[in-house]
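[1] Structure of the sequence below:
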Amino acid sequence: ESIGQMAKPPEQDELGSFMSEDNNGCLPSLSRKQRLLGFMGCLLTGAFCLGMGSLYIPILYLKARKFALLFTLGSLLILASLSMLRGPQEFMKHLLARERLLFTCAYLSSAIATLYAAMYLKSLPITVVFASIEFSTLLVFVINYIPGGVTGLRMLFKVPRETLHSVPDQPGSPTIRPIITWRHSDTTHTHTH
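    Sure, this is the predicted structure:
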């Protein structure tokens, strides 16, 4: 089973429709607007913590504990933001589903290991390894969880590539064209776009 499958978003019938009023889990009194505000608040606060933590990367050797605390807090807040969309109870069911349990364990153990390596072992290399695993699992989860995540990223990278290929050559300007070379039998063919 691929990593993308383990972190895949819930199916429509598994958690109901996205941001439905009746699917609040343990937050039944929150309206759709309040949950959206909670989502944005947790997401922005998590991004702020990750940003502040990344400021410590150049001096990581001196500030590994602050980095680990901010980094892990930021990643947990980003997960909390996702739980606001469907409700914490439904989100926990989603994370603990059999097909995602390995992924959830990898994320949680790497988050705990990041803190342990920074706070108690005070080992920079081990902290960096576990923080990298934590960030990778969080990134895969967020990309796969948000509706249109993978498709949106593909489209985001596809637009600049197609734009560059569709720019007509200007007279007098250098021509930049990709050259594809392949071998067929004993002859070499070159094809330009």
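[2] Would you point out the helix or strand in the chain whose mean pLDDT is lowest?
    In the chain, no helix or strand scores lower on mean pLDDT, DSSP states H and E than helix 12-15, which sits at a mean of 42.
[3] Please report the distance of residue 96 from residue 81.
    Shown here: residue 96 relative to residue 81, a distance of 19 Å by C-beta to C-beta, to the nearest Å. Using the backbone N, CA and C atoms, a C-beta is placed for each residue, glycine as well.
[4] between the two, who's got more neighbours?
    Taking neighbours as other C-beta atoms under 10 Å, residue 96 and residue 81 compare with residue 81 leading, 20 against 11.
[5] Let me see the contact set for the residue nearest to the more buried one when sequence neighbours are not counted.
    Of all residues not flanking residue 81 in the chain, residue 42 sits nearest, at 3.5 Å (C-beta to C-beta, 6 or more residues apart in numbering). The contact partners of residue 42, by C-beta atoms under 8 Å, 6 or more residues apart in numbering, come to 77-78, 80-81, 84.
[6] that's a strand at residue 42, yeah?
    No. Assignment of residue 42 by DSSP: H, G, I helix; E, B strand; the rest coil gives helix, placing it outside any strand.
[7] so how far is residue 118 from it?
    Using C-beta to C-beta, residue 42 is found at 23 Å from residue 118.
[8] And residue 98, by the same measure?
    32 Å.
[9] quick one: which of the contacts of residue 42 sit in helices?
    77-78, 80-81, 84 (DSSP state H).
[10] Counting neighbours, which of these comes out on top?
    Ranking these using other C-beta under 10 Å puts residue 84 first, with 23 neighbours.
[11] can you tell me which residues contact it?
    By C-beta under 8 Å, 6+ apart, residue 84 lies in contact with 35-36, 38-39, 42.
[12] Among the residues you listed, which one lies nearest to residue 139?
    Distances from residue 139 to those, taken as C-beta to C-beta, are shortest for residue 42 (16.8 Å).
[13] I'd like to know how many residues surround residue 137.
    Neighbour count of residue 137, defined by other C-beta under 10 Å: 23.
[14] quick one: it from residue 59, how far?
    Residue 137 sits 25 Å away from residue 59, taking C-beta to C-beta as the criterion.
[15] Going along the chain, name the strands of the chain.
    With DSSP state E as the criterion, the chain has strands at 179-184, 187-192.
[16] Taking the contacts of residue 84, please make a PyMOL selection of just the buried ones.
    To isolate the buried subset of the contacts of residue 84 in PyMOL, counting by 16 or more other C-beta atoms under 10 Å, use the following:
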select buried, resi 35+38+39+42
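[17] would you list every one of the helices in this protein?
    Using DSSP H, the helices assigned to the chain run over residues 3-6, 12-15, 32-55, 64-86, 88-95, 101-116, 124-145, 149-166.
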